[in-house]
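> Give me coordinates for this.
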Amino acid sequence: MEPATRVISVDLETTGLDDQSHAIYEASFASLYADGARRTRTFWLELSVDELRAASPTALAVGRYHERMAAASARATVVRVAQRSMFADEIHRLLARQVLLASNIVFDASFLRTFFRRYASSADVSPWHFKAVCVQDRLAGHLGVAPPYDYGELARRVGCPPPAHRHSSAVDAEWNLDVYEATLPSVADLSAAA
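All right, here's what the predicted structure looks like:
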């Protein structure tokens, strides 16, 4: 039996910024358990010919899609186009009633909702707990910084510099957990406040 999950950090790499016309091609889910343990699951979603045609060249370049595609099966579970419904149901179960965390929660949640709407057997397109966390906003609030701000610069201030190879979903999902944990009050802080 898996231990209780505190939060699940999600990071998606996509073919563009519009969840209606672009697709997810890499998805990572980094679970932080109540006992402090972590587990990251990464999936590489095969793109259809139409999805590749509709892709933004800029989005593919940012995520280094072509460079990383060849090695995807070595580091992630590959989800074929024909397997998307099964994958959607698996991820739906993983996220059910969990606190979802992302660096840009609006972006990732909108892509997940669209994906679930298209492929999941459940009509519930937002299976996660209603209190999703935007780690960038949480960090800015923790530091008392108003927008606009640079996420990487703020993360450095709490001892979590950006990873060297960003825009890899597993690396970014795990970095978001690091930043999230850095913003949690310590036992000493809680004792002092009491």
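
> Buried by neighbour count: which residues of stretch 136-148 qualify?
Residues of stretch 136-148 classed as buried by neighbour count (16 or more other Cβ atoms under 10 Å): Gln136, Arg138, Leu139, Ala140, His142. Where C-beta positions appear, they are placed from N, C-alpha and C, glycine not excepted.

> Of the residues you listed, which is the nearest to Val171?
Gln136 (16.1 Å; Cβ to Cβ).

> Would you map the helices across this protein?
49-54, 57-62, 65-69, 72-75, 84-95, 105-119, 135-143, 151-157, 169-182, 187-193 (DSSP state H).

> do you know which of those helices lies nearest Ser21?
helix 49-54 (5.8 Å).

> Would you mark the buried spots in the closest one?
Glu51.

> For the remainder of this discussion, apply numbering that starts at 29.
Yep, numbering from 29; the last one is helix 77-82 now.

> per-residue confidence averaged over that helix?
Across helix 77-82, the average pLDDT comes to 96.

> just checking, what packs against that helix?
The criterion is 3 or more Cβ pairs under 8 Å, 6 or more residues apart in numbering; DSSP states H and E, and there are no helices or strands that helix 77-82 contacts.

> got a list of contacts for that helix?
Thr43, Gly44, Ser49, His50, Ala51 (Cβ atoms under 8 Å, 6 or more residues apart in numbering).
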